[in-house]
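1. show me how the following folds:
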Amino acid sequence: MTSRHRRLESGQRAFLRRVLSDGATRLGVSLIGQSVFGWHDRTIGSAALRAGGGRFWLRATAEHRDFADGDTWTGNHDANRITGVPRPEVMARAEWDEPPVVMYAELMTYVPDAPCSSTPELTEWLTLPSTWWIELRQALDTLAVQPTSRGCHDPRSFVRRVEDYYGRRLGPHTPTLQTEHTDLHWANLTKPGLWLLDWEYWGAAPAGYGAALLYCHSLLVPGMAARVHEVFADLLDTPTGFVAQLSAAAHILDRAERLGDYRDLRIPAQEHALRLLSAGGGEPC
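-> Okay, the predicted model is just below:
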């Protein structure tokens with residue numbers, strides 16, 4: 001990066017570059033290549049080399065100490081206990097304070113395959129072999145039965161949140177819960193080899209919530225949305241899948257309203273939610 005570009009860079013990005021550099025020093029690696037910033041510049045990552053060889057991925061972030069705890073703060077590291085799912089493993093982690101901020105850096109296995117999309121929502125057709133879809137379904141089925149204390153284990157609370165968001169009573173729905181990725185979108189899946197990335201938020205959720213998120217993030221490309229539905233119809237076309245889809249659409253709509261995300265996806269997600277509510281009945285609150 002040139003000095004001129006550094007002058008134009010935001011203070012947040014310059015700060016994250018320093019956090020990443022500090023993390024590299026603490027974990028004994030050298031950064032290589034360009035840095036990649038995460039959603040709303042919350043995180044930063046870069047390829048890294050360890051003395052003696054070996055390529056890794058170094059990911060770093062910072063948070064005010066009042067919020068530097070809980071499931072999100074440890075999600076990637078906690079995912080190390082998951083078996084049978086293609087995901088990066090956290091090899092080492094460093095955490096340090098610069099009051100009132102807490103930082104961490106995680107050294108992870110390097111993923112050579114590219115994200116399916118540069119944005120969470122898909123904007124163009126992807127040609128993916130049938131084996132990719134089979135592996136994705138197998139990965140989510142394997143994840144579903146992994147035991148975890150993460151996430152919310154009160155099924156009715158998911159229904160209440162959906163009801164509160166849409167202002168509709170959904171009836172006596174009690175979703176079946178299982179372990180889900182809970183941030184499954186096209187920027188967190190890779191091709192041609194399948195990897196599931198970014199495990200900050202995984203935990204218990206309505207069965208099929210990951211598939212519902214992927215479906216809603218595919219609505220701009222109807223053929224891809226149809227393919228997702230085909231692979232996960234047995235999860236989506238159930239009472240629990242109904243709640244999962246409404247919750248996934250609410251996630252997109254909430255970020256669109258509060259943060260300005262999903263400019264093009266907002267209306268399709270809203271229309272999908274209205275179709276579900278119309279089909280599923282329920283009374284206004």
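
2. drop to CA atoms for contacts and neighbour counts, all remaining ones
-> Will do.

3. can you tell me the element Asn277 falls in?
-> No, residue 277 isn't Asn; it's Leu. Using DSSP states H and E, Leu277 sits within helix 266-280.

4. run the chain-centre distance for that helix.
-> Per CA atoms, centre = their mean, to the nearest Å, the displacement of helix 266-280 from the mean C-alpha position of its chain is 22 Å.

5. where do the helices of the stretch 51-200 of the chain begin and end?
-> Using DSSP state H, counting those that start in this stretch, the helices of the stretch 51-200 of the chain run over residues 70-78, 130-144, 155-166.

6. can I get the ones you listed in JSON lines including mean neighbour count and distance to Ser10?
-> JSON lines is the format used below for the helices of the stretch 51-200 of the chain (neighbours: other CA atoms under 10 Å; distance: least, CA to CA, whole Å):
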{"stretch": "helix 70-78", "mean neighbour count": "17", "distance to Ser10": "24"}
{"stretch": "helix 130-144", "mean neighbour count": "16", "distance to Ser10": "37"}
{"stretch": "helix 155-166", "mean neighbour count": "17", "distance to Ser10": "34"}
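
7. closest one to Asp198 among these?
-> helix 70-78 (6.8 Å; CA to CA).

8. okay, now the nearest residue to Pro115 once chain neighbours are set aside: neighbour count?
-> Closest residue in space to Pro115, ignoring its immediate chain neighbours: Thr190 at 4.1 Å, by CA to CA, 6 or more residues apart in numbering. Per other CA atoms under 10 Å, the neighbour tally for Thr190 reads 19.

9. what sits against Thr190?
-> Going by CA atoms under 8 Å, 6 or more residues apart in numbering, Thr190 touches Asp113, Ala114, Pro115, Cys116, Leu196.

10. among these, which are in strands?
-> Counted as lying in strands by DSSP state E, out of the contacts of Thr190, are Ala114, Pro115.

11. can you pull out the strands in the stretch 1-150 of the chain?
-> 29-37, 43-50, 55-64, 90-98, 101-109, 114-115 (DSSP state E, counting those that start in this stretch).

12. try the stretch 151-285 of the chain
-> Taking DSSP E, counting those that start in this stretch as the test, the strands found in the stretch 151-285 of the chain are 168-169, 177-180, 190-191, 203-206, 283-284.
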